[in-house]
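A.B. asks: need the 3D shape of this:
(one chain, ligands or ions: 2)
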Amino acid sequence: MIEVSQLHKSFGQQQVLCGVDLRIDEGESLVIIGGSGCGKSVLLRHIIGLVQPDKGDVKIDGQGIADLSERELIKVRRKFGMLFQGSALFDSLTVEENVGFLLDREQTMPPAAIRETVADALELVDLGGTQAKKPAELSGGMKKRVGLARAIVYKPEIILYDEPTTGLDPVVADSIDQLVIKMRDQLKCTTIVVTHDTRSMRRVGNRVMLLHHGRIHANGTPEEIFNSTDPIVHKFVNGIADPKDLEF
Ligand SMILES: Nc1ncnc2c1ncn2[C@@H]1O[C@H](COP(=O)(O)OP(=O)(O)OP(=O)(O)O)[C@@H](O)[C@H]1O
Ligand SMILES: [Mg+2]
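C.D. replies: Ligands and ions are numbered 1, 2, ... in the order given. Sure thing, here's the model as predicted:
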């Protein structure tokens with residue numbers, strides 16, 4: 001279970017998060033939506049302990065991550081897989097090296113076992129046989145799948161997806177959503193998806209939160225969010241441009 005309490009974060013003069021509270025139970029699929037630049041990626045980075053808050057805390061299964069030693073934090077991070085915005089692959093490495101990167105660096109598994117684990121992860125994301133390719137040879141959708149394979153090699157309990165369908169055509173976007181659902185059902189993962197894509201929100205979320213002005217402005221089922229009469233939620237899910245309301 002993940003509990004975020006009164007999270008505050010500023011960068012210089014810019015206050016990005018100003019009191020985020022949220023709770024995600026095991027097995028839930030939470031979708032976080034919000035205008036560009038409102039702090040969604042920053043929030044995900046807090047959840048996996050890559051960024052320290054100015055105030056407030058994040059608890060994973062009851063453990064506050066700010067209080068953990070570096071070794072304990074590494075253990076907690078092992079519970080997470082993350083698909084980064086833009087996939088974040090190393091261009092000079094092959095698909096196999098990208099997916100096995102962390103396993104290889106840990107040196108706790110023999111090379112043959114790493115190869116097998118990587119092959120299984122690639123099969124799971126429908127990219128079997130692509131081990132020798134380099135990122136430059138892949139389409140945007142394939143890169144997302146490689147990023148996803150890398151996120152699941154540790155058999156995580158929680159997977160975070162930062163805009164998994166952005167920049168993809170609707171058919172490929174749908175196939176990525178299907179993979180998100182497959183990971184949730186096959187690996188029994190808790191899922192957090194940050195997206196601007198309201199179709200994805202309906203497909204993969206059982207709960208949706210709108211981050212706005214540094215706080216959780218709305219929280220409900222996809223249907224409740226879609227049918228909300230709150231003007232900010234309504235404008236966001238219907239794609240009505242009013243930068244005054246949506247920008248941070
Ligand atoms: N390391 C950092 N240093 C300074 N400012 C930062 C840093 N990380 C994020 N920010 C700022 O915090 C704000 C929120 O950034 P974030 O990347 O979380 O937005 P986002 O909601 O994910 O946007 P998008 O939908 O465009 O990905 C932005 O204004 C960004 O410039
Ligand atoms: Mg982002």
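A.B. asks: point out where this structure drops to low pLDDT.
C.D. replies: 240-248 (pLDDT under 70).
A.B. asks: could you redo the last one with a cut-off of 50?
C.D. replies: Scanning the chain for pLDDT under 50 picks out 248.
A.B. asks: helix or strand for residue 173, which one?
C.D. replies: helix 170-187 (DSSP states H and E).
A.B. asks: what of residue 105?
C.D. replies: Secondary structure (DSSP H and E) places residue 105 in helix 101-106.
A.B. asks: other residues contacting that helix?
C.D. replies: 90, 93, 97, 109, 111, 114, 117, 118, 150, 153, 154 (C-beta atoms under 8 Å, 6 or more residues apart in numbering). Quick note: C-beta positions are derived from backbone N, CA and C, even for glycine.
A.B. asks: near ligand 2, which residues of this protein show up?
C.D. replies: 41, 85 (C-beta under 5 Å from the ion).
A.B. asks: let's see 8 Å
C.D. replies: 36, 40, 41, 42, 44, 85, 162, 163, 194 (C-beta under 8 Å from the ion).
A.B. asks: the contacts of helix 101-106 into TSV, with extra columns for neighbour count, secondary structure and distance to residue 15?
C.D. replies: Shown next, in TSV, are the contacts of helix 101-106 (neighbours: other C-beta atoms under 10 Å; DSSP: H, G, I helix; E, B strand; the rest coil; distance: C-beta to C-beta, whole Å):
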residue	neighbour count	secondary structure	distance to residue 15
90	11	coil	34
93	14	coil	38
97	17	helix	40
109	15	coil	43
111	11	helix	47
114	22	helix	43
117	18	helix	42
118	23	helix	41
150	27	helix	33
153	21	coil	36
154	17	coil	34
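A.B. asks: if we can go back for a sec, other SSEs contacting the helix holding residue 173?
C.D. replies: Using 3 or more C-beta pairs under 8 Å, 6 or more residues apart in numbering; DSSP states H and E as the contact test, the elements touching helix 170-187 are helix 111-124, helix 140-152, strand 158-162, strand 190-194, helix 198-204.
A.B. asks: nearest to residue 65, of the ones you listed?
C.D. replies: strand 158-162 (12.7 Å; C-beta to C-beta).
A.B. asks: what kind of secondary structure is the residue of the chain found nearest ligand 2 in?
C.D. replies: Residue of the chain nearest ligand 2, by C-beta to the ion: residue 41 (3.2 Å). Three-state call for residue 41 (DSSP: H, G, I helix; E, B strand; the rest coil): helix.
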